[in-house]
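Trainee: Mind folding the following:
(3 chains)
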Amino acid sequence: MKQFMAFVKKEFVHVLRDRKTLLILIGMPIMQILLFGFAMSNEIKETKVVIVDQAIDNSSAKLVARIDASEYFDAEIRDLTITDFNIEAAFKKGDLKILLIIPPSFESHILHEGSAQLRIIADASDPNTASLLTTYLTSIIQDFQKDNLSIQTIPYNIEPEVRMIYNPQLLSAHNFVPGVMALVLMLVCVMMTAITIVREKELGTMEVLLVSPYKPALVMISKAVPYLALSWINLITIVLLGVFVMGLPFNGSILLLFVESTLFILTCLTIGIFISNITSSQQVAMLISLMGMMLPTVLLSGFVFPLENMPKLLQWISNVIPARWYYVIVKDIMIKGTGFMDILKETLALLTITAFFFIMSIKKFKQRLA
Amino acid sequence: MSAIEVKGISKWYGKQKQIAVNSLTFEVKKGEVFGLIGPDGAGKTSLFRILTTLLLPDSGNARVDGLDVVKDFREIRNRIGYMPGRFSLYQDLTVEENLNFFATIFGTSIEENYNLIREIYIQLEPFKERRAGKLSGGMKQKLALCCALIHKPTVLFLDEPTTGVDPVSRKEFWEMLGRLKDQGITIMVSTPYMDEAAKCDRIALIQKGDILAIDTPENIINSFPEKLYRVQTEDTGRMLKILSEYSSGLYAYASGEYVHIAFNDNLISPQEITIVLREHISSEVSPEEIRPNIEDCFIHLLRA
Amino acid sequence: MNDKVIETDELTKKFGSFTAVDKISFSIEKGEIFGFLGANGAGKTTAMKMLCGLSKPTSGKAKVGGFDVYTQTESIKKNIGYMSQKFSLYEDLNIMENITFYGGIYGLSSKEIKMRGEALVEKLGLKNETKKMVASLPLGWKQKLAFSVAILHEPKIVFLDEPTGGVDPVTRRQFWNLIYEAAQRGITVFLTTHYMDEAEYCDRISIMVDGRIDAIGTPGQLREAFKATNMDEVFYSLARGAKRSE
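Mentor: Model (predicted):
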């Protein structure tokens, strides 16, 4: 035990003395959260929409109220007949992104002719935003149709399929905070653990350690301890940032999240140790960690690209990506507030992956140099 | 019982089965300083790794302190000290931290075996707060030795401890080994510097996995089969050129300020060479007979 | 015509308050084999870096191949060759590829590279091995090849940093034959070594202690001055007085 403590202490010294790496490891989650949160968010919130209501009847008023009530839009009524509101000038000024025109006799058109035309004009110089706004607005109008005018005879009672092509998951804090958690823990545990063990091989210190009574398996475990600690720090940082800066809800049990996260951290550490067992240079260890772990984590965990839309093969592959399960766990605990029984499947999946890599590590483990 | 017993140990690498160690057999007695002398690639490191249980031999068996290097590897690891060829301490840890770490890993403390390392550690003490990476070559070597000694090993394996170290530090290092020997520790040490051979009790000259000779340095020198002469010269290059032009197979090698020439009685005589050299270089030239050194023996064995 | 290929005058390099090289002054003539000795940490590497134009001196003057070490480092680099024990050739390139690469860097035409390259492998007895990876060569061959490549462009000076470490005694002597030949062609050889017998093979040597050059002369002169029977003793009596043990 004394030996173990001495070893762990040495590992902490390594980590703490390498200031630059430490700074990156601690700063990275903060950077990622802020980047995803502020710079990359495509979320639409309270965008100004100008509505030219030429009907001013019961139906048009209801529609306007509905648009205004949504969290996406802030409606502003203009009357072309009274003011000298110039559509083109407003768009050119750039503060207007989308405009809705409700034609005269809107209600009577719907009731008597069974059809009414609305005109949406959007600033397409930024096509992504334009199409996003249009889609949002259209879907509000459709909701309005369904709820208020559920008369059988309405001919345009169609349900258009709405697809968000630019930001398929509608990336929001709800999605990316759990995603960043998985990513950061993966990076710290898998890559750093693999690198730090392989570094001993490269330095030649592994030779001396092997020729000592200290059990080689303990070398691996002791080397992983600082990264467990570092991961906990990162975990707390991300959760705090997520809740207090990004306004994420925290509905579930903190303890459960901590336990599940620790399980995920262990999964990653085991993978890191496994990688270190099959490589002998830091470069290779880093490449394997990045290509074999980080990339699938980003692509196949469901946090950037929805898994449901993927080919069956990729969906199947995603089952072996630990982050895929952890991502669900975090979302369920934090946002849905579910209990342990609801994430049993995910927990078991993580346990299985951990056990697999643990056994593989033992099998690949070398008591000697070659 | 011998401290080290090697019986027919072989090791080869890769698909071509390149021989690193070729069926070696020898013994190292308790309390002996045993030197493996040979250039890079001779198989020294492979042999060290087999004996320190880091590599499995492809054939043969070996015992260290009476224990089998394959079966009893755990127990061997408790007993031996090993200093690998390259500097293998933590560069970002201080001198003291390194030593403390290795002491604890071996289940001991600096205090417990301080008497063993005192003489070496005293020289390191002024720098104990310094990180190991910032030490000079000689100091690093001393620290590594301390770390290998901290658990009072019965057998000490030192793989090229003096390579790249300046002559003064090298001399000091060998003096330390002498004192360790006095404490009863068996030492197996390898070196590419032939002049260090004389400091060992027994040596094995090794080249390409084979032992060329194994004996005390004294006996190896005595077994040099030919008469060896030396000629002093200011221009070694020119003298060697003249000699090789005169007789291409002649044993003539530079050695410091001299050229060493060996004479096999029935070929060329020293008198003949003297005439040649006086004619081409200077009338002052006069070869004198000398005792060969280990390097002469090594070169001679390599030629055989 | 000035035959001094290297000339230094109170050349100094300081790192903060630490004086790595302390006012060294010496000169080396064309075709000389100059041994640059000293204990680990005495300042050899720093001095060599300044002479190769890799490190700017703090004060003092120095000319290498007639070029100033402050202002004409590019010209210096064109006129020197460099080889060290640690790095010299690319292990994953074959012999000819290494030769072509180095010839290319030093601006030889492909005709010259081909001519000199062929002469080189012929001389080293590697004619049938040109497609072999450098990694697969024995160390002795590597070192000989590295040296030959370092002087492929016929530099004025070649710097050798512990060129023979770990090489067997016979190969070491073959290596020295290459050095003698180069020197006879007029290439100045500047080398460091830890083998004291090699110090004797040099025309002149200097011994650095604590950043200073404490002794300089022919091996015979130094032995005489220090009343020693061999270089080992000379070195020992000088370096023992060293204060610095970095």
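Trainee: Could you tell me how many residues sit around residue B:283?
Mentor: Per other CB atoms under 10 Å in any protein chain shown, the neighbour tally for residue B:283 reads 8. The C-beta positions use only the backbone N, C-alpha and C, and glycine is treated the same way.
Trainee: where does it land in three-state SS?
Mentor: Three-state assignment for residue B:283 (DSSP: H, G, I helix; E, B strand; the rest coil): coil.
Trainee: Need phi/psi at it.
Mentor: phi -70, psi -10 (degrees, to the nearest 10).
Trainee: what stretches of the chain score poorly on pLDDT?
Mentor: Using chain A here. A:39-45, A:79-85, A:114, A:126-128, A:148-173, A:370 (pLDDT under 70).
Trainee: if you could check chain B rather than the one you did, that'd help
Mentor: Where chain B drops to pLDDT under 70, the residues are B:265-266.
Trainee: where do the helices sit along it?
Mentor: Listed in chain order, the helices of chain B (DSSP state H) span B:44-51, B:73-79, B:95-105, B:114-124, B:137-149, B:167-182, B:217-222, B:236-246, B:270-280, B:294-303.
Trainee: To residue C:180, which of those lies closest?
Mentor: helix B:236-246 (3.3 Å; CB to CB).
Trainee: Which residues does the closest one contact?
Mentor: B:231, B:233, B:250, B:252-254, B:257, B:259, B:261, B:273, B:276-277, B:280-281, C:176-177, C:180-181, C:183-184, C:200-201 (CB atoms under 8 Å, 6 or more residues apart in numbering or on different chains).
Trainee: If we use 6 Å, what do you get?
Mentor: With CB atoms under 6 Å, 6 or more residues apart in numbering or on different chains as the test, helix B:236-246 has contacts from B:233, B:250, B:252, B:254, B:259, B:276, B:280, C:180, C:201.
Trainee: Around chain B, pick out the residues from chain C.
Mentor: Residues of chain C lying close to chain B (CB under 6 Å from any CB of the partner chain) are C:39-41, C:138-139, C:166-170, C:173, C:180, C:194, C:196-197, C:200-201, C:219, C:235-236, C:239, C:246.
Trainee: buried subset of the residues you listed?
Mentor: By neighbour count, with 16 or more other CB atoms under 10 Å in any protein chain shown, the residues of chain C next to chain B hold C:39-41, C:139, C:166-170, C:173, C:180, C:194, C:196-197, C:200-201, C:219, C:235-236, C:239, C:246 as buried.
Trainee: Out of those, list just those in helices.
Mentor: Checked against DSSP H, those include these in helices: C:139, C:169-170, C:173, C:180, C:196-197, C:200-201, C:219, C:235-236, C:239.
Trainee: ranges for the helices of chain C?
Mentor: Using DSSP H, helices in chain C cover C:44-51, C:73-78, C:95-105, C:110-124, C:139-150, C:169-184, C:196-201, C:219-225, C:231-239.
Trainee: Let me have those in a markdown table, adding distance to residue A:72 and mean pLDDT as columns.
Mentor: Shown next, in a markdown table, are the helices of chain C (distance: least, CB to CB, whole Å; pLDDT from 0 to 100):
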| stretch | distance to residue A:72 | mean pLDDT |
| --- | --- | --- |
| helix C:44-51 | 65 | 92 |
| helix C:73-78 | 63 | 90 |
| helix C:95-105 | 62 | 91 |
| helix C:110-124 | 68 | 92 |
| helix C:139-150 | 70 | 90 |
| helix C:169-184 | 79 | 89 |
| helix C:196-201 | 82 | 87 |
| helix C:219-225 | 89 | 91 |
| helix C:231-239 | 80 | 86 |
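Trainee: out of the ones you listed, which comes closest to chain A?
Mentor: Among those, helix C:139-150 comes nearest to chain A, with 18.8 Å by CB to the nearest CB.
Trainee: Counting residues, name the longest helix you see in chain A.
Mentor: From DSSP H, the single longest helix across chain A is helix A:216-244.
Trainee: What's the first helix or strand after that one?
Mentor: helix A:254-278 (DSSP states H and E).
Trainee: Give the other helices and strands that that following helix contacts.
Mentor: helix A:173-186, helix A:193-203, helix A:216-244, helix A:322-331, helix A:344-364 (3 or more CB pairs under 6 Å, 6 or more residues apart in numbering or on different chains; DSSP states H and E).
Trainee: quick one on the thing from earlier: filter the ones in helices among the buried ones among the residues of chain C next to chain B down to the ones close to chain A.
Mentor: Applying CB under 6 Å from any CB to those, none is adjacent to chain A.
Trainee: can you redo those residues as JSON lines with distance to residue B:174?
Mentor: Formatted as JSON lines, these follow (distance: CB to CB, whole Å):
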{"residue": "C:139", "distance to residue B:174": "24"}
{"residue": "C:169", "distance to residue B:174": "19"}
{"residue": "C:170", "distance to residue B:174": "25"}
{"residue": "C:173", "distance to residue B:174": "25"}
{"residue": "C:180", "distance to residue B:174": "32"}
{"residue": "C:196", "distance to residue B:174": "14"}
{"residue": "C:197", "distance to residue B:174": "17"}
{"residue": "C:200", "distance to residue B:174": "21"}
{"residue": "C:201", "distance to residue B:174": "24"}
{"residue": "C:219", "distance to residue B:174": "24"}
{"residue": "C:235", "distance to residue B:174": "15"}
{"residue": "C:236", "distance to residue B:174": "13"}
{"residue": "C:239", "distance to residue B:174": "15"}
